[in-house]
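**Q** fold the following for me, if possible:
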Amino acid sequence: MTDIEAYFARIGYEGPTTPTLETLTALVTAHLTHIPFENLDPLMGIPVFDLSARVLFDKMVHRRRGGYCYEHNGLMGYVLEELGFGVRRFAARVVWMREPGSPVPSQTHTLLGVAPPSAPQLFLVDVGFGGQTPTSPLRLETGSVQRTTHEPYRLQSRGDVLVLQAEIRGEWQSLYEFATRTAPPIDLLVASWYVSTHPSSHFVTDLIASLVTADGRCNLSGRHLSIHRDGGTKKVELPDAAAIVDTLTDTFGINVADTGERATLEARLAEVAP
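**A** Next up is the predicted model:
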């Protein structure tokens, strides 16, 4: 079940709905600047195992929460299909900030391949990679630097997979690798259940939140808030769990009341961000 009008209201979108590249670009921008990336459900012991349109619209649109990659890109995929875009769902291995020679990571990320009917090319759309999510659709092609509303990105070919890279502080850094094979829904469900329940998953053990702004990004990891704006970064260490909850509400726009009693949330945050 999709509620497109409620989704448009949630992201403040009043533009065209024809399935063009211009519409796609505008929707990605609006989505990223209004719906935060956050992992409060896994952190509070609530598995993310239902990726249906009904559940994702209820949580992220009507209850004004955020989510992580399976939720963000799941929601965006349903919206784009409703508008007439061709949508394929891919699975990816996150390699960002991994040590060279470390074991191959599992496929714990998802992204979209989107085809506007009027465009002959497939575009990478990812509104769920947290603090480094690309802020514009990217042509699914290698060998070219692609500008977004924020950092430049590029796709590199590595054997039978593509690697998404971002230019961060003047250096190209690999974010994740993926093949352009459509991922069966059951594979995405299993991966989402795994990363939202496994005791070693950072979604279970650490607080993560991020939101794109018109001129930068806000990222929160535990008690550490980073505000990236106009090429500079302001870092703030929040004093306690109460301040974290206030920041989740005021800076990221998360309806924290939806997670249950504030005291329970603060107690959990005090455990993971002492």
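**Q** now do the contacts for Arg64.
**A** By C-beta atoms under 8 Å, 6 or more residues apart in numbering, the residues touching Arg64 are Arg10, Gly253, Ile254, Asn255, Asp258. Quick note: C-beta positions are derived from backbone N, CA and C, even for glycine.
**Q** buried ones among those?
**A** Among the contacts of Arg64, those classed as buried by 16 or more other C-beta atoms under 10 Å are Arg10, Gly253, Ile254.
**Q** looking at the residues you listed, which is nearest Pro117?
**A** Closest approach to Pro117 among the buried ones among the contacts of Arg64 (C-beta to C-beta): Arg10, at 25.1 Å.
**Q** need phi/psi at Ser118.
**A** phi -90, psi -10 (degrees, to the nearest 10).
**Q** begin at 416 from here
**A** Got it, first residue is 416 now, which makes that one Ser533.
**Q** can you count the residues close to the nearest residue to it once chain neighbours are set aside?
**A** Nearest non-adjacent residue to Ser533, counting by C-beta to C-beta, 6 or more residues apart in numbering: Thr435, 5.7 Å away. By other C-beta atoms under 10 Å, the residues close to Thr435 number 17.
**Q** quick one: pLDDT of Thr435?
**A** What the model reports as pLDDT for Thr435 is 95.
**Q** got the contact list for it?
**A** By C-beta under 8 Å, 6+ apart, the neighbours of Thr435 are Pro531, Ser533, Ala534.
**Q** likewise Phe423?
**A** Glu429.
**Q** rerun that using 10 Å as the cut-off
**A** Glu429, Gly430, Thr432, Leu442, Ala445, Val476, Val494 (C-beta atoms under 10 Å, 6 or more residues apart in numbering).
**Q** for those, which one is nearest Glu681?
**A** Nearest member of those to Glu681, counting by C-beta to C-beta, is Val476, at 26.3 Å.
**Q** can I assume that closest one sits in a strand?
**A** No - counting by DSSP: H, G, I helix; E, B strand; the rest coil, Val476 is located in no strand; its state is helix.
**Q** do I have it right that it meets Asp418?
**A** Yes - at 6.5 Å, Val476 counts as touching Asp418 under the criterion of C-beta atoms under 10 Å.
**Q** quick one: low-confidence residue ranges for the protein.
**A** By pLDDT under 70, the low-scoring segments of the chain are 416.
**Q** report the longest helix in it, please.
**A** helix 484-498 (DSSP state H).
**Q** next, the residue positioned nearest the centre of the chain: phi, psi?
**A** For the chain, the residue nearest the mean C-alpha position is Gly543 (1.4 Å; C-alpha atoms, centre = their mean). The phi and psi values for Gly543, taken as degrees, to the nearest 10, are phi -140, psi 30.
**Q** residues touching it, list them.
**A** When contacts are taken as C-beta under 10 Å, 6+ apart, Gly543 is in contact with 446-447, 450, 452, 481-491, 524-527.
**Q** let me know the angle separating the next helix or strand after the longest helix of the chain from helix 484-498.
**A** The C-terminal neighbour of helix 484-498 among helices and strands, as given by DSSP states H and E, is strand 501-509. Between strand 501-509 and helix 484-498, the angle comes out at 170 degrees (axes from the mean of the first three to the mean of the last three C-alpha atoms, to 10 degrees).
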